[in-house]
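Chemist: would you be able to build a 3D model of this:
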Amino acid sequence: MVRPATLLDSRRIWEIRNDPSSRIYSHDSEIIPFEHHNAWYSEKYFQSNRNKCYVVVEDGYVIGYCRIDLSGDIYLVSIGIDRAYRNRGYGYLLLSAAIKGRQKLVAYIFKNNLASQQLFKKVGFRATKETEEEIVFECSSLPSSGH
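Modeler: Predicted structure coming up:
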């Protein structure tokens, strides 16, 4: 099940994000102290309506998150799935639901993160630019069915 994240999801999102297997694909690969994360999370997702965070839940347990953050006139998309639940379709379920009906979506994905590249392509993004380290995936708009 996919639902909007709540303040109570902060610690679990922090745990997924700080897992070494997630940090290697993060643009900020340092371990983030929970106090810093919690303050940032509360302000970013609960002090305004500009940004959204969604979670995917299995048996009452948060196993992944998807952030949609307004940056200028585009929405930056970021996703993280608990390593024990990867390659089971949860990323597709979460990403499809989180971006449904949104426009001007962008994701920056490291070249060595093939799983994320495949996921974003499957949902309807296309590679538009490439740098030495990453590929930019964009999606102007999606049908309301979310593919």
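Chemist: list the buried ones in the one helix or strand Ser140 maps to?
Modeler: Ser140 is part of strand 134-141 when elements are defined by DSSP states H and E. For strand 134-141, a neighbour-count test (16 or more other Cβ atoms under 10 Å) marks Glu134, Ile135, Phe137, Glu138, Cys139 as buried. C-beta coordinates here come from the backbone N, C-alpha and C atoms, glycine included.
Chemist: where along the protein do the strands fall?
Modeler: Ranges of strands in the chain, per DSSP state E, are 2-4, 52-58, 61-71, 74-81, 103-110, 126-130, 134-141.
Chemist: of all those strands, which one is nearest Ala97?
Modeler: Distances from Ala97 to each of the strands of the chain were compared using Cβ to Cβ; the minimum, 4.0 Å, belongs to strand 2-4.
Chemist: any idea how far Gln47 is from Ile32?
Modeler: With distances defined as Cβ to Cβ, to the nearest Å, the gap from Ile32 to Gln47 amounts to 19 Å.
Chemist: and Asn18, how many residues sit next to it?
Modeler: By the criterion of other Cβ atoms under 10 Å, Asn18 has 17 neighbours.
Chemist: correct me if wrong: it contacts Glu30.
Modeler: No - using Cβ atoms under 8 Å, Asn18 and Glu30 do not qualify as a contacting pair, with a distance of 9.3 Å.
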